[in-house]
Structure formats: C-alpha cells, structure tokens
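Q: Generate coordinates for the sequence data below:
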Amino acid sequence: MDFNYSKEIFPRWTKEEFNKEMEFQMKYHGYKTYKGAYNNILKQYKAGDELLNKPDIKKLEISVDWNRSRTWGYNPQATYRCWYDSKDDDCNFECGKTESASGYGYDKLSQVLSYVFDVVGRGMAYRKYRRNKKKEFPYGIRLSDYYGVYFEGGIGDNCYRYGIAEYMGLKCTGYFSGKTYDHYVFEKKK
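A: Take a look at the predicted model:
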C-alpha cells in the first residue's frame, strides 16, 4: 500500500519505512482508518523529536532507593538530576523520578538506570550514532523507529557505568551503595 508520505514531516524516515510502519499500525494496532494510524505515528514521532533535541549531558546524578514489596522483594526507583551542556540558561537543568521496577528474574537496577538514560540521554546517544562511521552501539543501546535510540534494562549496571558512559563521552566519577540505596554520578569527559 502507498500512503501519503512527506519528507518534511518525517525527515528521519524513508518512504519505505513510513509505509511499513503504516501497515504495521493498521494490522496490529487495530486502526480501521488511515487517519487514525497516521495521527498515532505523528504523535509518537513528535515525542521522539522532543527527546532527540535535548542537549548533551554535562553532569548526571542518579539516586536509587530500594523499597520493600511483599510480592517482589525490594524494588528500585530512581530520582535523577541532570545538568545539560547548553548555552540557553532556561533549559540546562532537569530533575525527575522514574517508575519503579518490579518483578523477578532480571536486573532491576539497570532497568531503572535505562529509564533515566531514556529521558535524558537519547538525543546525545543518537547524535553520537549519526557521527559514528561504524554505526555500532555498545551493549545496551538499540536503534528505534520512533525515538532514534533507546536504552535497554536488565543488562547489569556495569554496562551503564562503563560501556554506555564511555560511548556517550561520560565518565562515572562516583558510585556509592548501601543496603537500600545506590548513587551514581556521571560527568562529561574533559
């Protein structure tokens, strides 16, 4: 099927990628009309653009608190503060809190770290990918249709402290751990 594709609206996609996504939306997401699927793709694509346009990270502090759950044991939840390397004073700081990672059978700590990096580091990682000639990522970063790149969870926190931080031009300058907390400090390499 050939859908109404515009390079001005979807600059990261080719016409073939757009048509493939439209077919996927129509078939698997239950859209009965072209307009419904198109509006959903446009909404997700614009959300991806917002994440990709964030400036590079200057300093990132992540505090992880482990809360007791009767069902799943201890579940981590991260709070972060991020300073961006931006000339605009209005958008050089961001802070927030992630959702909790529950369940069992995977590394919950790296899951909440992936939540934080998805919010603050997607644009930086995507720009590194675009400049990189080999087009390769370290373990834990994957290419996405909507958001450029995304960070995987359940892979171990060492991947974030070393491989992913190195790829993004950051260095883990501080790591503190206790019984119910973990704290990370990442800073831009000089």
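Q: what residues go with each domain of the protein?
A: For the chain, automatic domain parsing gives the domain ranges 15-52, 57-188.
Q: Out of the ones you listed, which is the most enclosed?
A: Most buried of the domains of the chain by mean neighbour count (mean count of other Cβ atoms under 10 Å) is domain 57-188; its value is a mean of 17. C-beta here means a position set from N, CA and C on the backbone, and glycine is covered the same way.
Q: May I have the distance across that one, first residue to last?
A: Distance across domain 57-188, first residue to last, is 7 Å (Cα to Cα, to the nearest Å).
Q: and it, what's its mean pLDDT?
A: Average pLDDT, domain 57-188: 89.
Q: Figure out how far it is from the centre of its chain.
A: Remark: domain 57-188 is offset 8 Å from the chain centroid, using Cα atoms, centre = their mean, to the nearest Å.
Q: tell me the SS of the most centrally placed residue in the chain?
A: For the chain, the residue nearest the mean C-alpha position is residue 118 (1.8 Å; Cα atoms, centre = their mean). Here residue 118 is recorded as helix under DSSP: H, G, I helix; E, B strand; the rest coil.
Q: what are the ranges of the helices in this structure?
A: 15-28, 34-52, 108-120, 122-131, 157-158, 165-167 (DSSP state H).
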